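Engineer: got a predicted structure here, sequence first:
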Amino acid sequence: MASDSSPSMHRCLYDVFLSFRGEDTCDNFTDHLYTHLVRRGITTFRDEKLKRGEEIQPELLKAIEESRASIVVFSKNYVDSRWCLEELAKIMERRKEYGQIVLPIFYHVDPSDVRKQRGSFGEAFTTKYDYEENWKDKVERWREALIEAGNISGWHVNEGSESKHIKEITTIIADRILNCKLLFVEDNLVGMNFHFENPSLGLSMESNDVRMIGIRGIGGIGKTTIAGYVYNQISWGFECSSFLENVRDFYKSKGQLCLQNQLLNDILDGENKKISNVRQGAYVIKNSLQFRKALIVFDDIEDMDELDLLVGKHDWYGKGSRIIITTKNKHLLNTIEVDYLYEVEVLKPNEALELFSQYAFRRNLPKKDFDEDLLNRVLYYCQGLPLALKILGSLLCDKTRREWESELHKLEKEPEVKIQNVLKISFDGLDASQKVVFLDIACFFEGEDRDFISKVLDGCILYGEINIRVLWERCLISISQCNSIYMHNLIKRMGWKIVQEQYPKEPSKWSRLWSPSDIYSAFISEKGMKNVETISLNLSTSKEIWFNTKIFDQMKKVFAKMKKLRLLKVYYNYDYEGSVHREGHKYKMHLPKGFEFPPNLRYLHWENLESLPSNFHGENLVAINLKSSNIKELLTGAKCLAELKFIDLRNSQQLIKIPEFSRMPRLEKLSLEGCISFCELHSSIGTFSGTQFLKELNFRESGIRELPSSIGSLIFLETLDLSKCWKFEKFPDMIFVNMGRLRSLELSESGLKELPSSFGYLESLKSLKLSGCSNFKKFQEIQGNMKQLESLSLARTAIRELPPSIWRLEALTYLNLNGCSNFERFPEIQKNMENPMDEGLANTAIRELPHSIRHLTRLKWLRL
């Protein structure tokens with residue numbers, strides 16, 4: 001499936017563009033043709049100036065782009081005008097790229113003379129004007145246009161009544177253009193140029209293949225508008241056409257049989273007999289379309305049931321047919337194997353402002369003295385969604401500043417119903433577990449890593465991987481390049497509204513809590529809470545409420561009621577985190593005596609916690625995050641964390657001990673970054689079968705001194721970070737022998753003195769960072785198979801030279817030796833290095849580079 005992010009067309013202001021040689025036909029044939037076309041209601045562009053060979057004006061090229069069809073009147077002296085030839089070349093380009101109709105009229109000239117550039121059509125190129133010599137850069141383009149146009153079936157006006165010819169020509173053009181079933185499309189299509197500038201849209205109008213094109217995006221983003229615009233642009237070039245709008249609702253209310261009848265009415269111009277069942281309908285549709293060039297738009301299809309007996313497959317349609325499908329569901333487009341997918345994006349900020357202004361101020365820009373803060377609040381709320389910008393613009397039009405303030409405050413609590421109804425359509429189409437996952441993301445997980453969310457959801461038996469994919473396919477979530485999950489602001493608010501709608505004023509009865517004020521109200525009410533499944537409490541702006549009341553005294557009682565609680569997060573925003581840590585222990589949380597976490601808890605994230613309760617078990621936990629806590633030991637006694645996959649204890653500066661790894665058999669990621677009191681890793685690591693899961697170890701800036709040799713048994717480990725561990729000096733010698741999957745080794749600013757001899761076994765290693773290791777003096781010979789290493793940073797180390805074998809690193813693209821003040825000799829390069837290379841040699845002791853530096857054939861940067 002091809003994909004692009006910017007399809008395009010031009011708006012058509014004219015039905016027909018007339019191209020002609022003025023001095024030949026301006027006062028006779030072309031003038032009469034123009035008059036007849038206008039009388040028939042055909043909007044026709046005719047340049048009133050006589051064309052005498054000067055450069056073509058930009059307005060004429062623009063008029064060609066804005067015309068549905070072009071009539072080219074080839075007369076004896078047509079090619080005497082370079083202007084005419086430029087017009088023709090542009091017309092043929094539009095035909096190829098957009099399917100513009102081209103209708104040639106051969107007025108007292110032989111079509112074969114046009115094709116073969118004979119007679120007067122050849123003389124201009126050779127003897128008369130010598131185009132071949134004087135216009136070399138354009139001749140080929142002009143000749144190709146003449147050949148192509150000469151091959152198009154048109155009218156040969158040579159003898160007989162010209163008025164009869166004109167009447168016939170006008171009638172045919174009127175039938176093709178005026179009988180097109182065009183759609184109303186708004187004039188003020190702000191931001192739509194982005195969708196119409198690129199000629200592709202996957203239509204490939206020059207191709208005679210059947211092509212299916214998918215247009216996908218969230219509700220209210222403009223999919224139907226784009227499809228309607230494209231339909232209007234190209235529908236005249238097809239034998240039959242149909243635009244089936246809002247298929248989803250039509251299917252639900254009237255059934256597939258009615259849809260089939262509507263499609264047949266459109267393509268057969270009302271001459272079909274009504275079909276009686278859907279299978280008969282599918283047969284008739286296929287038979288009716290199989291040998292016809294058709295343009296059909298299926299708008300807003302959401303279910304496979306709507307496809308099979310309505311849209312069919314490529315072989316249902318005749319050569320040159322184009323099928324356009326708009327949907328929110330990417331899986332559906334994959335299933336029918338569309339040839340091209342266009343993902344519609346939200347408007348850019350300046351476009352959003354313009355569209356909103358058209359509805360709120362009846363102009364393209366807001367009033368000069370209008371409150372910029374209010375505008376920004378509205379634009380942030382809408383986040384570029386055209387539907388929301390239009391609705392809120394109309395809603396706020398002619399309102400006072402105070403009314404704007406009031407409306408925005410209301411929107412924070414009550415989303416606009418018209419917007420909500422459009423967005424909720426996708427939610428309503430989900431199954432039970434997909435709805436739960438959607439609400440979990442909207443109220444709890446947004447912004448977190450996809451793989452992490454998926455595995456926590458798996459622990460809740462919510463089929464994380466497949467359900468996340470379904471939400472993405474249906475445009476309910478987006479996934480960033482760094483694999484984080486996000487939601488459009490309005491979709492997230494829709495999720496909040498769904499949670500609130502049954503008990504809008506009673507947060508203690510909601511299934512999910514996320515607003516600090518609502519959580520506070522629910523806690524102090526002491527009512528309900530039995531249905532709460534997730535709590536996400538951001539203390540960044542509300543910590544005084546929680547620390548200056550007696551709410552912790554009743555926390556034991558409140559949590560005891562929440563038997564369904566699966567996900568708990570008490571945290572500080574990163575924007576505020578720095579100030580929180582600077583305040584030290586001021587806001588450390590003390591849980592009340594006898595406090596117990598609910599037994600169904602799968603994810604516990606509680607920052608700045610003083611200590612865990614003595615009765616803490618956590619046997620069902622999948623992830624635990626106790627960042628910046630004061631705990632000294634994660635788990636006491638012989639308790640087992642059998643389901644635990646993720647441990648994050650970053651900046652827990654009192655931590656000295658974690659459980660034996662045999663009691664965490666499914667552990668995948670361990671982060672002890674900033675745990676300055678943590679000095680020793682238990683030797684049980686790598687000695688039990690569960691080590692097959694462990695993929696990431698982060699000891700950055702911890703107090704760790706050494707690693708046990710058993711860590712070498714972590715054959716699935718992918719990331720090891722010991723940066724800023726200044727007490728760490730040496731690896732066990734054979735540690736890397738079995739670590740063939742390690743991809744990233746981070747040792748910057750550690751106390752490391754040398755790499756172990758087993759270093760060469762790291763065949764999957766892509767990144768090695770040793771920057772700032774001031775005790776590191778020698779980089780060993782490259783042995784074994786290390787063909788994957790791309791980035792090597794040795795900046796500010798004590799090394800003097802690199803071994804010649806360094807160039808065995810065939811994938812190397814980044815080598816940093818900046819600040820290596822003892823580095824004196826750059827190694828000879830024995831062969832060409834084909835990869836793009838970025839090298840840093842600034843502030844080294846190098847006085848000259850070897851001649852073999854020329855073997856770095858794709859050197860991008862060299863810093864000296």
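Structural biologist: Nice, thanks for sending it over. Numbers count the residues shown, from 1 in each chain.
Engineer: which residues are in contact with T326?
Structural biologist: Contact partners of T326, counting by CB atoms under 8 Å, 6 or more residues apart in numbering, are 214-216, 223-224, 226-227, 297-301. Any C-beta I mention is one placed from the backbone N, CA and C, and that applies to glycine too.
Engineer: let's go with 7 Å and repeat that
Structural biologist: Applying CB atoms under 7 Å, 6 or more residues apart in numbering to T326 gives the contacts 215, 223-224, 227, 299-300.
Engineer: let's have those residues in JSON lines, adding secondary structure.
Structural biologist: Shown next, in JSON lines, are the contacts of T326 (DSSP: H, G, I helix; E, B strand; the rest coil):
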{"residue": "I215", "secondary structure": "strand"}
{"residue": "K223", "secondary structure": "helix"}
{"residue": "T224", "secondary structure": "helix"}
{"residue": "A227", "secondary structure": "helix"}
{"residue": "D299", "secondary structure": "coil"}
{"residue": "D300", "secondary structure": "coil"}
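Engineer: quick one: I213 is in a helix?
Structural biologist: No: the assignment for I213, made by three-state DSSP, is strand rather than a helix.
Engineer: tell me which of the contacts of T326 is nearest to E343?
Structural biologist: Of all the contacts of T326, E343 sits closest to I215, with 8.5 Å by CB to CB.
Engineer: what bridges to that closest one?
Structural biologist: T326, Y342 (DSSP bridges).
Engineer: that one: neighbour count?
Structural biologist: I215 has 28 neighbours, counted by other CB atoms under 10 Å.
Engineer: wait, it sits on T225?
Structural biologist: No: contact between I215 and T225 fails when scored by CB atoms under 7 Å: they sit 10.0 Å apart.
Engineer: any low-confidence regions in the stretch 751-864 of the chain?
Structural biologist: Applying pLDDT under 70 to the stretch 751-864 of the chain flags residues 857-860, 864.
Engineer: now do the strands in it.
Structural biologist: Counting by DSSP state E, counting those that start in this stretch, the stretch 751-864 of the chain has strands at residues 767-769, 791-793, 814-816, 837-840, 859-863.
Engineer: format those as TSV; extra columns: mean neighbour count and distance to C475.
Structural biologist: Converted to TSV, the strands of the stretch 751-864 of the chain look like this (neighbours: other CB atoms under 10 Å; distance: least, CB to CB, whole Å):
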stretch	mean neighbour count	distance to C475
strand 767-769	20	35
strand 791-793	20	36
strand 814-816	19	37
strand 837-840	19	38
strand 859-863	13	38
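Engineer: how near is the closest residue to K90 other than its chain neighbours to E97?
Structural biologist: Nearest non-adjacent residue to K90, counting by CB to CB, 6 or more residues apart in numbering: I64, 5.0 Å away. According to CB to CB, to the nearest Å, I64 and E97 sit 12 Å apart.
Engineer: of those two, which one has the most company?
Structural biologist: With neighbours defined as other CB under 10 Å, I64 and E97 compare such that I64 has more, 22 against 16.
Engineer: who's in contact with that one?
Structural biologist: With CB under 7 Å, 6+ apart, I64 has these contacts: 17, 70, 87, 90-91, 94.
Engineer: then N483?
Structural biologist: Contacts for N483 were tallied using CB under 7 Å, 6+ apart; they are 449-451.
Engineer: scan those and report the most crowded one.
Structural biologist: R450 leads these on contacts (other CB under 10 Å) with 20 neighbours.
Engineer: how about the backbone phi and psi for the closest residue to that one other than its chain neighbours?
Structural biologist: What sits nearest to R450 in space, not counting adjacent residues and going by CB to CB, 6+ apart, is N483, at 4.9 Å. Main-chain dihedrals, N483, degrees, to the nearest 10: phi 80, psi 20.
Engineer: closest to P756 out of the contacts of I64?
Structural biologist: The closest of the contacts of I64 to P756 turns out to be R94 (CB to CB; 67.2 Å).
Engineer: that closest one should be in a helix, yeah?
Structural biologist: Yes: with three-state DSSP as the criterion, R94 is located in a helix.
Engineer: who's in contact with the residue nearest to it when sequence neighbours are not counted?
Structural biologist: Distances taken as CB to CB, 6+ apart place Q100 nearest to R94, at 4.1 Å, with adjacent residues excluded. The contact partners of Q100, by CB under 7 Å, 6+ apart, come to 69-70, 94.
Engineer: switch these over to JSON lines; also include distance to Y520, pLDDT and neighbour count.
Structural biologist: Formatted as JSON lines, those follow (distance: CB to CB, whole Å; pLDDT from 0 to 100; neighbours: other CB atoms under 10 Å):
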{"residue": "A69", "distance to Y520": "67", "pLDDT": "88", "neighbour count": "23"}
{"residue": "S70", "distance to Y520": "69", "pLDDT": "92", "neighbour count": "26"}
{"residue": "R94", "distance to Y520": "64", "pLDDT": "87", "neighbour count": "22"}
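Engineer: dump the contacts of I64 into JSON lines; add distance to L289 and secondary structure as well.
Structural biologist: Formatted as JSON lines, these follow (distance: CB to CB, whole Å; DSSP: H, G, I helix; E, B strand; the rest coil):
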{"residue": "F17", "distance to L289": "31", "secondary structure": "strand"}
{"residue": "S70", "distance to L289": "28", "secondary structure": "strand"}
{"residue": "E87", "distance to L289": "36", "secondary structure": "helix"}
{"residue": "K90", "distance to L289": "33", "secondary structure": "helix"}
{"residue": "I91", "distance to L289": "30", "secondary structure": "helix"}
{"residue": "R94", "distance to L289": "26", "secondary structure": "helix"}
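Engineer: now flag whichever of these is closest to A388.
Structural biologist: Closest approach to A388 among the contacts of I64 (CB to CB): R94, at 35.5 Å.
Engineer: quick one: the closest one from V102, how far?
Structural biologist: 8 Å.
Engineer: and what of I658?
Structural biologist: Using CB to CB, I658 is found at 76 Å from V102.
Engineer: and N334, by the same measure?
Structural biologist: 36 Å.
Engineer: so for the two, which residue has more residues nearby?
Structural biologist: Ranked by neighbour count (other CB under 10 Å), N334 and V102 place V102 first, with 21 against 13.
Engineer: many thanks, have a good one.
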